[in-house]
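Q: Just a sequence and a predicted model for now, questions to come.
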Amino acid sequence: MQFYREQPLLAGSLGIAIGAALGALVPPTGMEDRIYGDASDRSVDAAKANAAEKYDDVRESVRAE
């Protein structure tokens, strides 16, 4: 709890990263594939990469304290 009080922006970033990662795990529907196709794939890949990067940043920050 102390971490969240001392690092609210970092905690929020972690929450967003986890949400993006969970959202990326949900399988797309056939309609989404037809409508969004490659753009969706690129967005999902970017979100996964960003989530992984933020997760690593948070882990390093927590270890440093």
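A: On my side now, so go ahead.
Q: CA atoms for contacts and neighbours, from now on please.
A: OK.
Q: what bits of this structure have low per-residue confidence?
A: Scanning the chain for pLDDT under 70 picks out the ranges 4, 65.
Q: Show me which residues of the particular helix or strand that has residue 51 in it are buried.
A: Applying DSSP states H and E as the criterion places residue 51 in helix 30-64. For helix 30-64, a neighbour-count test (16 or more other CA atoms under 10 Å) marks 44, 47, 48, 50, 51, 52, 54, 55, 58 as buried.
Q: again, but for stretch 14-31
A: Under the neighbour-count criterion of 16+ other CA under 10 Å, stretch 14-31 has 14, 17, 18, 20, 21, 24 buried.
Q: And the contacts of the helix or strand hosting the third one?
A: When elements are assigned from DSSP H and E, residue 18 belongs to helix 8-25. If you take CA atoms under 8 Å, 6 or more residues apart in numbering as the criterion, helix 8-25 is touched by 3, 4, 44, 47, 48, 50, 51, 52, 54, 55, 58.
Q: Using CSV, write down the CA coordinates of it.
A: Extracted C-alpha coordinates of helix 8-25, given in CSV (Å, rounded to 0.1, in the frame of the first residue of the first chain):
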residue,chain,number,x,y,z
PRO,A,8,0.8,7.0,-7.7
LEU,A,9,1.8,7.7,-11.4
LEU,A,10,3.8,4.5,-11.5
ALA,A,11,1.0,2.5,-10.0
GLY,A,12,-1.4,4.0,-12.5
SER,A,13,0.9,3.1,-15.4
LEU,A,14,1.1,-0.4,-14.1
GLY,A,15,-2.6,-0.6,-14.0
ILE,A,16,-2.9,0.6,-17.6
ALA,A,17,-0.2,-1.8,-18.7
ILE,A,18,-1.9,-4.7,-17.1
GLY,A,19,-5.3,-3.7,-18.5
ALA,A,20,-3.8,-3.4,-22.0
ALA,A,21,-2.2,-6.8,-21.6
LEU,A,22,-5.4,-8.4,-20.5
GLY,A,23,-7.3,-6.8,-23.3
ALA,A,24,-4.8,-8.1,-25.8
LEU,A,25,-5.4,-11.6,-24.5
